[in-house]
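> sequence and predicted structure below; questions after.
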Protein chains: 2
Amino acid sequence: MHILSTQHLPVAVIGGGSWATAIIKILSDNHLKELFWWHRDQSAVAFIKKYGHNPKYLSSVPILLPAAHISSDLDYVIAEAEIIILAVPAAFLKGALANCTPATFNGKKVVSAIKGMIPGQNQLIAEYMQTEFHLPGDDFIVLTGPCHAEEVALEKLSYLTIAATDFETGDVFAKHLNNRYIKTVISADVYGTEYSAVLKNVIAIASGICHGLGYGDNFQAVLVSNAIQEIRRFVDKAYPMERDINDSAYLGDLLVTAYSQFSRNRTFGAMLGKGYSVQSAQLEMNMIAEGYSAARAVFELNQVFGVYMPILDAVYNIMYNQAVPAHEIELLTTHLS
Amino acid sequence: MHILSTQHLPVAVIGGGSWATAIIKILSDNHLKELFWWHRDQSAVAFIKKYGHNPKYLSSVPILLPAAHISSDLDYVIAEAEIIILAVPAAFLKGALANCTPATFNGKKVVSAIKGMIPGQNQLIAEYMQTEFHLPGDDFIVLTGPCHAEEVALEKLSYLTIAATDFETGDVFAKHLNNRYIKTVISADVYGTEYSAVLKNVIAIASGICHGLGYGDNFQAVLVSNAIQEIRRFVDKAYPMERDINDSAYLGDLLVTAYSQFSRNRTFGAMLGKGYSVQSAQLEMNMIAEGYSAARAVFELNQVFGVYMPILDAVYNIMYNQAVPAHEIELLTTHLS
């Protein structure tokens, strides 16, 4: 564990969105000197270097990195770092890492701050990094928890969960995140936290659909109670281990998404509930609702697992089988309790 | 089970608030003919008879009862019924039943729609009805679930849980509630559902305090995740039985309260978080926040049980030990994960 215990831990954050920006803020506030930031977009890099703010996401956050540490050259940024934090949407990860090889990540720790699966491959980020880049399981870390990036920008107290099969790796990384407004929780449940983070986006779509259809708070409470049981059934089957599904990495993460007016997935669902087609809702939003592809990935995986997942099935049918939301949700209500 | 299986089940609803009014609406909509309604307030009785609406609560709901079925004479209303639904605030129950004796309830089923404990006695309604009126356990039913009365008025789909030690009693009662906008769930957990409903009001106060202090949605998700674990620990200790704390009667009921802007308990807490004293918040609200007395009752009970309940303790200290909310909640954050 030599790498991780050094005071000058070099870290690279891969991605230019709001969650990546929030992570940059946390690590900068914690006086991490060797902090590098990769953006795909060269003009964003130039803007940040010039004005010290991300132009599109969390633009109120001052970015205090040296200009040389912000780059659209992925090889350079990764080469400089010992911990690589992946924070691009899952749908863009393959593209972002297209020129990487197993050697790229050799000897490094990789942290996934992504809440989604690799489209078309139905793989978690942990699985993808292992199969594609031969990353040892003990070098992989999940960064999750109930956390709107916007509240990190406001320095509102937030709890992050660090899941790692190697406790010390997780613990050292967690220590770099802790500060006045960030508390960390250590977990050994790499796959369960990843699956749960993926599934909660599907549930948020369901929550949005129901809201769009006119269902109220009484029903939302029933939906979310059934949803966390559905998530528990799935993760307990997909990756059996001792876990408490009511820990904040699972239930909390679901709550912060399903009860948020700001969740893209919930907004996407609400548009479907109000009568938009899937295609027009996607066009209108002009953003990635991770739950859309997650619904297909988990549905396909579940053809093997065979877990009872009525909420997932309803979302899948609406997304991919042209089911009418009002009918599909009415059917769903007979499966809830 | 002769009484309950009759088509003309005579039911009395005791209480004039919004939840009582919602129950009257459900049973009326289900064409229950023998439905009686007790209000303490004679002028409310006169108003309803004249105008067909409850003057103060859910006043949009048309009340279609025969005039003779609405009364402030408790003896008359109870004598007419075979099922007595108690729907007054817990703090007023003893007063409402002051002239009742065990004979009053002899041979009747009593349903508690109350979410609170008898102040000063730290008793659940089930316990109070047993000790005070010798009501057999099998004649007692809990009516609970995540349910804002306001949404029942709007006929938004809601799930109610009916808990009874005698399954058939619960089942028959449940059948009288089911309709287009009400679905029922049967449970055997009389005490656990009662305790959970009591505790969720304490949690809602905590949630309000944190909101008032400026904590955000990320923290609320952590608070609620920890809260449901705290509720589970308590009910599993106080009344051990097989239960899934994520069922809608427990988790759903917590969610609908803790995430509601309309919860009196949450509003009360928010005033404390914003700097009101306990006394001035109570004066200002001019309403009963059930969680206020519930915090004391469960805290005192827990001196025997010894369950780890950091959220309850924090609320208790703020309510009764003049703890400063900002300090007490900051201390609480170190106990959450």
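Right, received. Where do you want to start?
> and the closest residue to A:A289 other than its chain neighbours, what helix or strand is that in?
Residue nearest to A:A289 in three dimensions, not counting chain neighbours: A:F268, with 3.8 Å by Cβ to Cβ, 6 or more residues apart in numbering or on different chains. The C-beta positions use only the backbone N, C-alpha and C, and glycine is treated the same way. Using DSSP states H and E, A:F268 sits within helix A:264-273.
> that helix - contacts with which helices or strands?
Identification of packing neighbours for helix A:264-273 by 3 or more Cβ pairs under 8 Å, 6 or more residues apart in numbering or on different chains; DSSP states H and E yields helix A:190-213, helix A:253-258, helix A:278-285, helix A:290-305, helix A:325-333.
> now do that helix: everything it contacts.
Around helix A:264-273, the neighbours that count as contacts under Cβ atoms under 8 Å, 6 or more residues apart in numbering or on different chains are A:201-202, A:204-214, A:257-258, A:260-261, A:278, A:280-282, A:284-285, A:287-292, A:315, A:318, A:325, A:329.
> phi and psi next, for the residue nearest to A:N178 when sequence neighbours are not counted.
Closest residue in space to A:N178, ignoring its immediate chain neighbours: A:T184 at 5.5 Å, by Cβ to Cβ, 6+ apart. Main-chain dihedrals, A:T184, degrees, to the nearest 10: phi -120, psi 150.
> same check on A:L143?
Backbone torsions for A:L143, taken as degrees, to the nearest 10, come to phi -110, psi 110.
> touching, it and A:L160? I think so.
Yes - with contact defined as Cβ atoms under 8 Å, A:L143 reaches A:L160; the gap is 6.2 Å.
> the more surrounded of these two?
Counted by other Cβ atoms under 10 Å in any protein chain shown, A:L143 and A:L160 do not tie: A:L143 has more neighbours, with 27 against 23.
> and the pLDDT at A:F299?
A:F299 carries a pLDDT value of 98.
> burial count for it?
Applying other Cβ under 10 Å, we find 19 residues neighbouring A:F299.
> ok, it - contacts?
Taking Cβ under 8 Å, 6+ apart, we find A:F299 in contact with A:L312, A:D313, A:Y316, A:Y320.
> what helices or strands is the host helix or strand of A:Y159 leaning on?
A:Y159 belongs to strand A:158-164 when assigned by DSSP H and E. Judged by 3+ Cβ pairs under 8 Å, 6+ apart, the packing partners of strand A:158-164 are strand A:140-144, helix A:167-177, strand A:182-187, helix A:190-213, helix B:217-238.
> looking at the contacts of A:F299, state which has the most neighbours.
Top of these by neighbour count (other Cβ under 10 Å): A:L312, with 24 neighbours.
> that residue against A:N201, yeah?
No - with contact defined as Cβ under 8 Å, A:L312 does not reach A:N201; the gap is 11.1 Å.
> check contacts around the spatially most central residue of chain A.
The centre of chain A sits closest to A:K115, judged by Cα atoms, centre = their mean, with a distance of 2.1 Å. Taking Cβ under 8 Å, 6+ apart, we find A:K115 in contact with A:A90, A:T144, A:A197, A:V198, A:K200, A:N201, A:E290.
> assign a three-state SS to it, would you?
Assigned by DSSP: H, G, I helix; E, B strand; the rest coil, the conformation of A:K115 is coil.
> contacts only, for A:V45.
Counted by Cβ under 8 Å, 6+ apart, A:V45 has contacts A:H39, A:I70, A:S71, A:S72.
> how about a cut-off of 10 Å?
Neighbouring residues of A:V45 by Cβ atoms under 10 Å, 6 or more residues apart in numbering or on different chains: A:G16, A:W37, A:W38, A:H39, A:A67, A:I70, A:S71, A:S72, A:D73.
> B:P66 versus the last one, what's the distance?
As judged by Cβ to Cβ, to the nearest Å, A:D73 and B:P66 stand 82 Å apart.
> the helices and strands packed on helix A:264-273: lowest mean pLDDT?
helix A:278-285 (a mean of 90).
> ok, and for that helix, which residues are buried?
Across helix A:278-285, burial judged by 16 or more other Cβ atoms under 10 Å in any protein chain shown covers A:V278, A:A281, A:Q282.
> kindly report the same for stretch A:163-176.
For stretch A:163-176, burial by neighbour count (16+ other Cβ under 10 Å) applies to A:A163, A:A164, A:T165, A:D166, A:T169, A:G170, A:V172, A:F173, A:A174, A:H176.
> for the second one, which non-adjacent residue is closest in space?
The shortest distance from A:A164 to any residue other than its chain neighbours is 3.2 Å, reached at A:G170 (Cβ to Cβ, 6+ apart).
> still on that earlier bit, filter the buried residues of helix A:278-285 down to the ones near chain B?
Among those, no residue sits close to chain B (Cβ under 10 Å from any Cβ of the partner chain).
> about what we covered before: between A:L143 and A:L160, which contacts overlap?
The contact sets of A:L143 and A:L160 overlap at A:I23, A:A113, A:A174, A:L177, A:T184 (Cβ under 10 Å, 6+ apart).
> A:L177 is in contact with A:D171, correct?
No - taking Cβ atoms under 10 Å as the definition, A:D171 is not a contact partner of A:L177, at 11.0 Å.
> quick check: neighbours shared by those two?
Listed as contacting both A:D171 and A:L177 by Cβ under 10 Å, 6+ apart are A:I162, A:T184.
> A:L58 contacts A:A22, doesn't it?
Yes - with contact defined as Cβ under 10 Å, A:L58 reaches A:A22; the gap is 6.3 Å.
> which residues do those two both contact?
A:A149, A:E150, A:V152, A:A153.
> for the second one, give me phi and psi.
A:E150 has phi and psi values of phi -60, psi -30 when expressed as degrees, to the nearest 10.
> and the pLDDT for it?
95.
> enumerate every residue touching it.
By Cβ under 10 Å, 6+ apart, the contact set of A:E150 is A:S18, A:A22, A:Y57, A:L58, A:S60, A:K156, A:S260, A:F262, B:G216, B:D217, B:N218.
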